[in-house]
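Undergrad: Fold the stuff below for me.
(chains A and B)
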Amino acid sequence: MKKAAAIAALALAATATALPALAQQMKPEDQIHLRQSTMALIGYNFGTLAAMAQEKRPYDKAEAERAAAILPPLAALPGRFFGEGTDEGGHTKAKPEIWKNMDDFKKKLEAMQHQVAMLPQAAGDLATLKKQVGATGKACKSCHDDYKAK
Amino acid sequence: MTASESRIRVWDLPTRLFHWVLAALVVFSFTTGKIGGDWMAWHLRSGYAVLALLGFRIAWGFVGSETARFTRFLRGPRAALAYARQTLAGRHPFIAGHNPLGGWMIVAMLAALAFQTGTGLFADDQIATQGPLAVKVSNDTVTRMSSLHSIGEWVVVALAALHVIAIAVYRAAWNLRLAGPMLHGRAPAPPGTSEPARRPAWLALLLLAASAIAVYVLVEIVPMR
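TA: Here you go, the predicted structure:
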């Protein structure tokens, strides 16, 4: 049983590292399309939570939990689609600095994913949701400020 | 201040309060915009307050106290140049209120802040914050307004820096104190200078209230319609 779990974990780790490599082989315009699409979905779901946190719409526990649950897997995606040659085209707002500071960019992506990962447990209560939406928004911003054209 | 000089009241209370509250709000807006997250709610509120103050100041520039009026301190480029030349030569004619160069600083700052709050109403930070009127216009317009808003930020910072540097230079080079009078209202003047006329504070309060109501309608009622 332990062995099976270890193999499963290894396999998972292998796909986790292999998939971005596969994504890198995609056409640059497909990568740009995918990162923009995943960002749009993140924007929709995070926007739902933000609207509740800012009391622009009434807090709805079920809807908050749905949006919060889908965000961590979504947040894992855009980072895969910043391969070579994707700094231009498709009305991209990605700044060339991304490819010059890839380590820092990845660190900021991870910081964002770290905050997003805490959204599901925070979504069950408006007070904790407010706090976590604020912290997550800051993580989004720190990356946008440096790497997204205005 | 020499013995032959006396102090007269050059700035009325409404103008002074306007100035310091505005200065604080500009710093607060800049800071909250930089921090982001939860503070964005306060960034928006601060912007609404700036907008209300701008409305008041423009009205006060027409019907307010003498030294606050545009017709009094807005002079042509020739007057501004002549003043600059005199100042650099170390001659300082007494002027109650804004000098011909400072007058243009006021207009530039008011215009920059109007631009900044105006674009902010339609901006979207693509994270969790939208200006109240962003829903009323196309996304192309929102994008344009957002990028103008991030450029305007630095225009305001540059003007504020210029303003502070100018005050420091007046103080260091010519021992002229400009910040004090904006605090307590009085400035040393040649004997016999008559005090500029002041309008009552209740009028200022009325104008501010009217401006605040207009801003409320703009950011709370208009988006719902």
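Undergrad: Run through the residues of chain A sitting next to chain B.
TA: A:43, A:46-47, A:50, A:53-54, A:130-131, A:133-135, A:137-138, A:140-141, A:144, A:148, A:150 (Cβ under 8 Å from any Cβ of the partner chain). Bear in mind the C-beta positions are built from the backbone N, C-alpha and C, glycine included.
Undergrad: Mind checking which of those land in strands?
TA: Within the residues of chain A next to chain B, no residue falls in strands by DSSP state E.
Undergrad: Of the residues you listed, which belong to helices?
TA: A:43, A:46-47, A:50, A:53, A:130-131, A:133-135, A:137-138, A:140-141, A:144 (DSSP state H).
Undergrad: element containing residue 116?
TA: No chain was given, so I picked chain A. For A:Val116, the element it lies in under DSSP states H and E is helix A:102-117.
Undergrad: that answer is for a different chain, and I need it for chain B
TA: helix B:100-121.
Undergrad: same question for whichever helix or strand comes after that helix, mean pLDDT?
TA: Using DSSP H and E, the helix or strand that follows helix B:100-121 in sequence is helix B:139-174. Helix B:139-174 comes out with an average pLDDT of 96.
Undergrad: got the angle between helix B:139-174 and helix B:100-121?
TA: Here helix B:139-174 runs at an angle of 150 degrees relative to helix B:100-121 (axes from the mean of the first three to the mean of the last three Cα atoms, to 10 degrees).
Undergrad: in helix B:139-174, what's buried?
TA: Going by neighbour count (16 or more other Cβ atoms under 10 Å in any protein chain shown), the buried part of helix B:139-174 is B:142-143, B:145-146, B:148-150, B:152-153, B:155-156, B:159-160, B:163, B:167, B:170.
Undergrad: does stretch B:109-116 come close to chain A?
TA: No: residues of stretch B:109-116 are not located near chain A by Cβ under 8 Å from any Cβ, the shortest gap being 14.2 Å.
Undergrad: hey, C-alpha coordinates of that stretch in CSV?
TA: The C-alpha coordinates for stretch B:109-116 follow below in CSV (Å, rounded to 0.1, in the frame of the first residue of the first chain):
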residue,chain,number,x,y,z
MET,B,109,-2.3,70.4,-9.8
LEU,B,110,-6.0,70.8,-9.9
ALA,B,111,-6.0,69.6,-13.5
ALA,B,112,-3.8,66.6,-12.8
LEU,B,113,-5.9,65.6,-9.8
ALA,B,114,-9.1,66.0,-11.9
PHE,B,115,-7.5,63.8,-14.6
GLN,B,116,-6.4,61.2,-11.9
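Undergrad: So what's the gap between it and the chain middle?
TA: Distance, stretch centre to chain centre, for stretch B:109-116: 8 Å (Cα atoms, centre = their mean, to the nearest Å).
Undergrad: pLDDT on that stretch, on average?
TA: Stretch B:109-116 comes out at a mean pLDDT of 98.
Undergrad: what does it contact?
TA: Residues from elsewhere that reach stretch B:109-116, judged by Cβ atoms under 8 Å, 6 or more residues apart in numbering or on different chains: B:22, B:26, B:47, B:50, B:54, B:57-58, B:148-149, B:152-153, B:155-156, B:159-160, B:163.
Undergrad: which regions of chain A sit below the pLDDT cut-off?
TA: Along chain A, segments meeting pLDDT under 70 span A:1-24.
Undergrad: Let me see the contact set for B:Thr117.
TA: Residues near B:Thr117 by Cβ under 8 Å, 6+ apart: B:Gly47, B:Tyr48, B:Val50, B:Leu51, B:Leu54.
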